[in-house]
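Student: After the sequence you'll find the predicted model.
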Amino acid sequence: MSELAVRAEKLDGADELAPLKSRFVLDGAVYLDGNSLGALPAHVPGRVEDVVRRQWGELRIRSWEESGWWTAPERIGDRIAPLVGAAPGQIVVGDSTSVNVFKALVAAVRMADEGRDEILVDATTFPTDGYIAASAARLTGRTLRAVTPAEVPAALGARTAAVLLNHVDYRTGRLHDLPALTAAVHAAGALAVWDLCHSAGALPVGLDEHGVDLAVGCTYKYLNGGPGAPAYLYVRSDLQDRFDSPLPGWNSHADPFGMDPSYAPAPGAPRGRVGTPDILSMLALEAALEVWDGVSVEAVRRKSLALTDFFLECVTACTEPGRVESVTPAAHEERGSQVALRCADAGDVMKRLIDRGVIGDFRHPDVLRFGFTPLYVGFAEVERAARILGEVLG
Ligand SMILES: *Cc1c(COP(=O)(O)O)cnc(C)c1O
């Protein structure tokens, strides 16, 4: 056994999160794509079957009350809240991340002073956030300016209404400084909207602690909610009364069953709802979140950094110098839970990795992306992935 393989065994032996792996459905492959689609928790199919057969099939309409369907968006929001450092009553689950970016950004602009005519957006963002931000700017009569997170402090000013930022860059895995950037946005008198798609479930976020105004995130990556699982929207409690939704559907009405032709928004987190929640996905997510019971986000972060450190070390040991180059920062405070390697023929290399049971993904034009989900990825798998990468690269 190589020295790295011996160390991997020791690290696995000392890993307090290792027992959690047995709660997931996995096969012999090394699954490093949990930052795109989290693995299936083993108890979820049985729970979904109960929702379909008993709650829907037998109780039918009664389930809106008796099975807690109606209140699921807020209830599950409160289940996510501790994972992102939020007190209860500020998160509602529903719709996609794209839709929630729209709600959050338009609402943020509507909260800002009239005279502020500019929205800043992360120029390196996952494209959907940029597309939605452009539409939000057109609808609210503001100008959209794309700047990198590093350029944000200098770009802020009296014209800035709101800023849409990513906590972790989906391509490079770079972790941005949420506390400092939020403070800078506030110092300029603007509102900060954060996208947590690649951080929630992988590292501490501290929404309340850092005074974030609004945030969104998806649940099918590190939260393992399943393909297309509904996203979530956080609106800080003291801003909720001013949250003016651009999609004020009947589910967000103060009295939804009053069927009033005029709109009156609900108080609190339900104001972020739109229409009838997609119960099947939502309750699959609720079941999936049970794997977090008793798990500390700090422990997850410690393991995540240990996994990515070890992967980088193994890649260096297993590949010819210069064959791959990490575009993920080496500094812990700048690293999310993935490693992105720039590599010639990356698309072809990833196909060969997948053929050999190492599942990551390829991002155009030249990036191999490997996500590390601390709940079910171990150190021996990390060593194996790097070793196979070395073999594939020749
Ligand atoms: C994954 C991801 C999304 C996905 O949005 P959907 O509406 O769920 O398709 C959006 N933004 C970021 C930053 C992401 O990483």
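Tutor: All right, it came through fine.

Student: which ones are touching whatever residue of the stretch 201-350 of the chain ends up closest to the ligand?
Tutor: Closest contact between the stretch 201-350 of the chain and the ligand, by Cβ to the nearest ligand atom, is at Cys218 (4.7 Å). Where you see a C-beta, it was placed from the backbone N, CA and C, and this is true even at glycine. With contact taken as Cβ atoms under 8 Å, 6 or more residues apart in numbering, Cys218 is in contact with 96-97, 197, 229, 231.

Student: ok, and the closest non-adjacent residue to the residue at minimal distance from the centre of the chain?
Tutor: Centroid check for the chain by Cα atoms, centre = their mean gives Cys197 as the closest residue, at 2.0 Å. Leaving aside its sequence neighbours, Cys197 sits nearest to Cys218 (Cβ to Cβ, 6 or more residues apart in numbering; 4.8 Å).

Student: So which residues on the stretch 151-300 of the chain come close to the ligand?
Tutor: Within the stretch 151-300 of the chain, the positions lying close to the ligand (Cβ under 6 Å from any ligand atom) are 166, 170, 195, 197-198, 218, 231.

Student: at 5 Å what do you get?
Tutor: Within reach of the ligand by Cβ under 5 Å from any ligand atom, the stretch 151-300 of the chain has these residues: 170, 195, 197, 218.

Student: In strands only, show me those residues.
Tutor: When these are checked against strands (DSSP state E), the matches are Asp195.

Student: follow-up on the earlier one: which single one of the contacts of Cys218 is nearest to Glu74?
Tutor: Taking Cβ to Cβ as the measure, Glu74 lies nearest Ala231 of the contacts of Cys218, at 14.4 Å.

Student: OK, contacts around the nearest residue to that closest one once chain neighbours are set aside?
Tutor: Once flanking residues are discounted, Ala231 sits nearest to Thr97: 4.2 Å by Cβ to Cβ, 6+ apart. Contacts for Thr97 were tallied using Cβ under 8 Å, 6+ apart; they are 128, 195, 197, 216-218, 231.

Student: of all the residues you listed, which two lie farthest apart?
Tutor: Spatially, the most separated pair among those is Thr128 and Gly217, at 13.0 Å (Cβ to Cβ).

Student: These two: which is more packed in?
Tutor: With neighbours defined as other Cβ atoms under 10 Å, Thr128 and Gly217 compare such that Gly217 has more, 27 against 16.

Student: Now do the contacts for that one.
Tutor: By Cβ under 8 Å, 6+ apart, the neighbours of Gly217 are 84, 97, 195-197, 199-200, 231-232.

Student: now it: how far from Cys197?
Tutor: With distances taken as Cβ to Cβ, to the nearest Å, Gly217 is found 5 Å from Cys197.

Student: what does Asp113 give?
Tutor: 29 Å.

Student: Strands along the stretch 151-300 of the chain, start to end?
Tutor: Along the stretch 151-300 of the chain, counting by DSSP state E, counting those that start in this stretch, strands occupy 160-166, 191-195, 214-217, 232-235.

Student: Out of those, which gets nearest to Glu65?
Tutor: strand 232-235 (23.2 Å).

Student: Lovely, talk soon.
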